[in-house]
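*Asks:* starting from these lines, generate the structure:
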Amino acid sequence: MGHTPTTTRGRATRGRILDAAADLIQRHGVAAVTLDDVERAAGVGRSQLYHYFDDRDDLVRSVVHATVDTVLAAQEPLLLHVDTVAGIDHWFDAIVANGTRQDAVGGCAIGSLAAQLGGRDDLARQAFVDAFARWEAPLIAGLRRMQESGDLLPDVNVTELADLTMAAIQGGLLLAQVRRSPDQLRLALRGARAALDDALAPPPTPFAST
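*Replies:* Presented below is the predicted three-dimensional model:
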């Protein structure tokens, strides 16, 4: 790993390099971005870049970690409330709204990087395994709380339900990106919502009046 800055100036320089690399990768793809491109965009020299990153691979992996942190930080307020049907609906609505603001062309920043780097090396692949596990963990916990409160059927596998939901999100974002339509994301989330409906416990039967 490269040098971890301890000064405000050093952290700002490293952050500027990371931001430049992330922006270039998002716009052009990992394979098309060179260290020269990053240096020009960040306004740094090669010696500065190598001061903070061992090599191009180290820089790319750092972009992965930074992207994961950014995406999950944006999701965190919503994921705190995925222990109710209303909270999950609100989370789904926010995902669709974000895709609509991006004109349904951005896809998922984590998913896009995973498609480009997931098979490249074990370190990169593990970074994505950890990223999706971090993203999914609050949903699994929320579904488990719903099960404990009696809102979900007791025999429902909450991990599988969360896996299905994450697959719907990633697949929906990819289709929306390819087809340039957020309707694809809405349809995918509708499928995940239907799976949740199937897992809900029936409401208690009211006592018959005498």
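*Asks:* just to be sure, Val82 is in a helix?
*Replies:* No. Checked against DSSP: H, G, I helix; E, B strand; the rest coil, Val82 lies outside a helix; its state is coil.
*Asks:* pretty sure it sits against Ala137.
*Replies:* No. Contact criterion Cβ atoms under 8 Å: Val82 and Ala137 do not qualify, at 10.8 Å. Yep, even glycine has a C-beta here, placed from its N, CA and C like the rest.
*Asks:* between those two, which is the more surrounded one?
*Replies:* Between Val82 and Ala137, counted using other Cβ atoms under 10 Å, the more crowded position is Val82 (25 against 13).
*Asks:* got a pLDDT number for that one?
*Replies:* We have a pLDDT of 96 for Val82.
*Asks:* what's near enough to touch it?
*Replies:* Listed by Cβ atoms under 8 Å, 6 or more residues apart in numbering, the contact set of Val82 reads Ile88, Trp91, Pro138, Leu139, Gly142, Leu143.
*Asks:* again, but for Asp130
*Replies:* Val68.
*Asks:* ok, back up a step: what's the most distant pair in the contacts of Val82?
*Replies:* Pairwise distances among the contacts of Val82 were taken by Cβ to Cβ; the largest, 12.2 Å, belongs to Trp91 and Leu143.
*Asks:* output the longest helix belonging to this structure.
*Replies:* In the chain, assigned by DSSP state H, the helix with the most residues is helix 122-148.
*Asks:* buried ones in that helix, by neighbour count?
*Replies:* Within helix 122-148, the residues that count as buried by 16 or more other Cβ atoms under 10 Å are 124, 127-128, 131-132, 135-136, 138-140, 142-144, 146-147.
*Asks:* pull the distance from the lowest-mean-pLDDT helix or strand in the chain to the chain's centre.
*Replies:* Ranking every helix and strand in the chain by mean pLDDT, DSSP states H and E puts helix 109-117 at the bottom, with a mean of 84. On the basis of Cα atoms, centre = their mean, to the nearest Å, helix 109-117 sits 10 Å off its chain's mean C-alpha point.
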